[in-house]
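Q: coordinates only, no sequence provided:
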DNA sequence: ATCCTACGATGGACGCAATCCAAGTCAAGA
DNA sequence: TCTTGACTTGGATTGCGTCCATCGTAGGAT
């Protein structure tokens, strides 16, 4: 992701200090942060950055396909900087933690034509749920 | 689902008029309603029913496995009374319409032990996305 | 180097979904 | 019929995210 900023410039992004910091936060931690966590880490470097800017920037990165938005049931969305390798997610129903996983098979192939109801199906998203080791106790 | 109330009594549920109405609403419409839509339909029969009770009752039905909660990105959750048969969802990225589908295979079996990171994995949720016939253009 | 201006940042108000809480109500067993 | 604690109520509150009017500034133009 080190050339992320280059790619964004190429797409006509105005490179502000705020956007740079948000991108660096995502680049630095390969975990799935919430928008608030991104904001907190960004504010450590750029104290005046606003939450709205973090939300705007994350939304733009999602639109550009650089980051994936992961909706965890009823909690804050998390942002996954690992957008260039296809993968699925394993979510802890206790604490909301997320791990990337790479299951076998291709779920798209498991949906027969007669189950598609005329849809042009383009994506299959699999979310595994369970308790992580810390929450099992 | 006509014997839903019987099953719930068997599990020690106190059968109140509010719970009966919520169950009847879900039983009557085999579509995916939001909590507010359930509340509106319930209030047509029992005007004083409160939102909190609808939320409580829906949550209990989900916990008991009688109803499935479907999180649609950023919008209100929807409640799927078709819990008797396992199924997944096909969502139109254009208009948000949802269809129940029954894919082949068992996605849980596609997640090898070394990909589970110590989690107690209990559920695999598959969401297919694409454009429905009306939105394909 | 300086100027311009449109794009981006700000932060507080706002909106929606959902939960919490203390007080009142009532289903159902004794 | 009485009693009890599970259930309901509705207003307040929380959590997450968006909106908007205003201010600031990146980067092209001169």
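A: Yep, it's here. As the structure is a prediction and not an experimental result, all values here were calculated from the model.

Q: only C-alpha atoms for contact and neighbour calcs from this point on.
A: Fine.

Q: phi, psi for residue A:101 please.
A: phi -130, psi 160 (degrees, to the nearest 10).

Q: go ahead and confirm it touches residue A:88.
A: Yes - counting by C-alpha atoms under 8 Å, residue A:88 is a contact partner of residue A:101 at 5.3 Å.

Q: pick out whichever of those two has more residues nearby.
A: Under the criterion of other C-alpha atoms under 10 Å in any protein chain shown, the comparison of residue A:101 against residue A:88 puts residue A:101 first, with 20 against 17.

Q: let me see the contact set for the more buried one.
A: A:87-90, B:115-116 (C-alpha atoms under 8 Å, 6 or more residues apart in numbering or on different chains).

Q: quick one, domains of chain A?
A: According to automatic domain parsing, chain A comprises the domains A:4-80, A:88-136.

Q: ok, which of these comes nearest residue B:73?
A: Between residue B:73 and the domains of chain A, the shortest gap by C-alpha to C-alpha is with domain A:4-80, which sits at 6.6 Å.

Q: I'd like the average pLDDT over that closest one.
A: Domain A:4-80 shows a mean pLDDT of 90.

Q: from the chain's centroid, how far away is that domain?
A: Distance, stretch centre to chain centre, for domain A:4-80: 9 Å (C-alpha atoms, centre = their mean, to the nearest Å).

Q: is DNA strand C within reach of that domain?
A: Yes - with C-alpha under 7 Å from any atom of the strand as the criterion, DNA strand C is reached by domain A:4-80 at A:13-14, A:16-19, A:48-53, A:56-57, A:74.

Q: which of these are buried? Put it as a PyMOL command.
A: Of those, the buried ones go into a single PyMOL selection, burial set by 16 or more other C-alpha atoms under 10 Å in any protein chain shown:
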select buried, chain A and resi 18+19+49+51+57
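
Q: of the residues of domain A:4-80 next to DNA strand C, list those near DNA strand D.
A: A:13-14, A:16-17, A:51-52, A:56.

Q: quickly run through the sheet partners of the lengthiest strand in chain A, with directions.
A: In chain A, taking DSSP state E as the definition, the longest strand is strand A:120-131. Take DSSP bridges as the rule and strand A:120-131 pairs in its sheet with strand A:88-92 (parallel), strand B:120-131 (antiparallel).

Q: if you count neighbours, what's buried in stretch A:85-95?
A: For stretch A:85-95, by 16+ other C-alpha under 10 Å, it's A:88-93.

Q: chain A against chain B: which residues are in contact?
A: Contact residues, chain A versus chain B (C-alpha under 8 Å from any C-alpha of the partner chain): A:71, A:73-74, A:90, A:92, A:101-105, A:107-108, A:110-112, A:115-133, A:136.

Q: list only buried entries from those.
A: For these, buried by 16+ other C-alpha under 10 Å: A:71, A:73, A:90, A:92, A:101-103, A:107-108, A:110-111, A:115-116, A:119, A:121, A:124, A:126-132.

Q: can you name the residues that contact the nearest residue to residue A:78 once chain neighbours are set aside?
A: Leaving aside its sequence neighbours, residue A:78 sits nearest to residue A:34 (C-alpha to C-alpha, 6 or more residues apart in numbering or on different chains; 4.4 Å). Taking C-alpha under 8 Å, 6+ apart as the criterion, residue A:34 is in contact with A:76-79.
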